[in-house]
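K.L.:
sequence plus predicted model, see below.
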Amino acid sequence: MKFELSPNNRGLSDEELLSDVNKVAKELGKESVTLEEYNERGLVHSTTLTRRFGSWFKVLSLAGLKKSRSLLNIPDEELFKNLEEVWAKLGKQPSYTDMQRPLSEYSAGTYDNRFGSWRKALEKFVDFINDEGQFSSDVTPENNVDEITTRHKTKRSINWRLRFLVMRRDNFKCKICGISPAADPKIILHVDHIKAWANGGETVMENLQTLCSKCNIGKSDL
Ligand SMILES: [Zn+2]
């Protein structure tokens, strides 16, 4: 046998790694294992396997397991939305290690697996957000006969991509007190209509601002 060094080897052979995935499946009594499940119970981090074998689905198929349907079914947009939520909670670009529970619904490995690498996932996310930027100020008439809503050009609800654009413009800081989750993780940011929607304010970048919960409540008391 040829002696080879691999940077992600960690001393385990292919067979040992694959049988460890099977072991986790057995422990769980399941025919498939998700990245998250493996990270919790496996000998190594799932990235050791995805880097060795190419993808998590390949790992599962080599281990003779079923591809986990739950992961296959997650649309890209769902992964981006989760990334946006983590980004907003942190007030800054998430790192690979930030992407875990309870902060993130999906692990960084899930993003690796879908997009090729964490960096590529971030790039795709930025592209996705920037696409929104092109039509976020578009007029979307509310399909509603209600008199109040027909006076509006936009919907009241702020979609998550627009919310991200507003927070990014405001540097993930409250426009009133300047606080950011990057400085204090307990801070939760909201995006708020400057001119209330009920008073004819539209859901467009210019009429939206980032506020912390405290200032947001303070504002509605006025
Ligand atoms: Zn504030």
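P.N.:
All right, it came through fine. Numbering: from 1, shown residues only.
K.L.:
residues in the chain within reach of the ion, list them.
P.N.:
For the chain, the contact set with the ion under C-beta under 5 Å from the ion comprises 174, 176-177, 212, 215. Every residue, glycine included, has its C-beta placed from N, CA and C.
K.L.:
let me know the closest of those residues to Leu165.
P.N.:
Closest approach to Leu165 among these (C-beta to C-beta): Cys174, at 16.7 Å.
K.L.:
just checking, the closest one touches Leu211?
P.N.:
Yes. Under the criterion of C-beta atoms under 8 Å, Cys174 makes contact with Leu211 at 5.3 Å.
K.L.:
just the buried residues from the residues of the chain next to the ion, in PyMOL please.
P.N.:
Selection of buried members from the residues of the chain next to the ion for PyMOL, criterion 16 or more other C-beta atoms under 10 Å:
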select buried, resi 174+176+212+215
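K.L.:
redo the residues of the chain next to the ion as TSV? Include pLDDT.
P.N.:
Below are the residues of the chain next to the ion laid out as TSV (pLDDT from 0 to 100):
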residue	pLDDT
Cys174	97
Ile176	96
Cys177	96
Cys212	96
Cys215	95
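K.L.:
which ones among the residues of the chain next to the ion map onto strands?
P.N.:
If you go by DSSP state E, the residues of the chain next to the ion have Cys212 in strands.
K.L.:
which two in the residues of the chain next to the ion are spaced the farthest apart?
P.N.:
Ile176 and Cys212 (7.6 Å).
K.L.:
how about the helix of greatest length in the chain: buried residues?
P.N.:
Determined from DSSP state H, the single longest helix within the chain is helix 118-135. Of the residues in helix 118-135, 118, 121-122, 124-125, 128-129 count as buried by neighbour count, 16+ other C-beta under 10 Å.
K.L.:
what is the nearest of those to Leu165?
P.N.:
Ile129 (6.6 Å).
K.L.:
which residues are in contact with the closest one?
P.N.:
80, 84, 161, 164-165 (C-beta atoms under 8 Å, 6 or more residues apart in numbering).
K.L.:
worst mean pLDDT across the helices and strands of the protein, which element?
P.N.:
Counting by mean pLDDT, DSSP states H and E, the weakest-scoring helix or strand in the chain turns out to be helix 147-150, with a mean of 50.
K.L.:
after it, heading C-terminal, what element do we hit next?
P.N.:
helix 160-169 (DSSP states H and E).
K.L.:
what is that following helix packed up against?
P.N.:
helix 76-90, helix 118-135, strand 189-193, strand 208-212 (3 or more C-beta pairs under 8 Å, 6 or more residues apart in numbering; DSSP states H and E).
K.L.:
could I have the last one exported to PDB, CA atoms only?
P.N.:
Listed in PDB are the C-alpha atoms of strand 208-212, where the atom choice follows Å, rounded to 0.1, in the frame of the first residue of the first chain:
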ATOM      1  CA  LEU A 208     -37.100  52.100   6.100                       C
ATOM      2  CA  GLN A 209     -34.700  52.200   9.000                       C
ATOM      3  CA  THR A 210     -32.900  49.900  11.400                       C
ATOM      4  CA  LEU A 211     -33.900  50.200  15.000                       C
ATOM      5  CA  CYS A 212     -33.100  48.200  18.100                       C
END
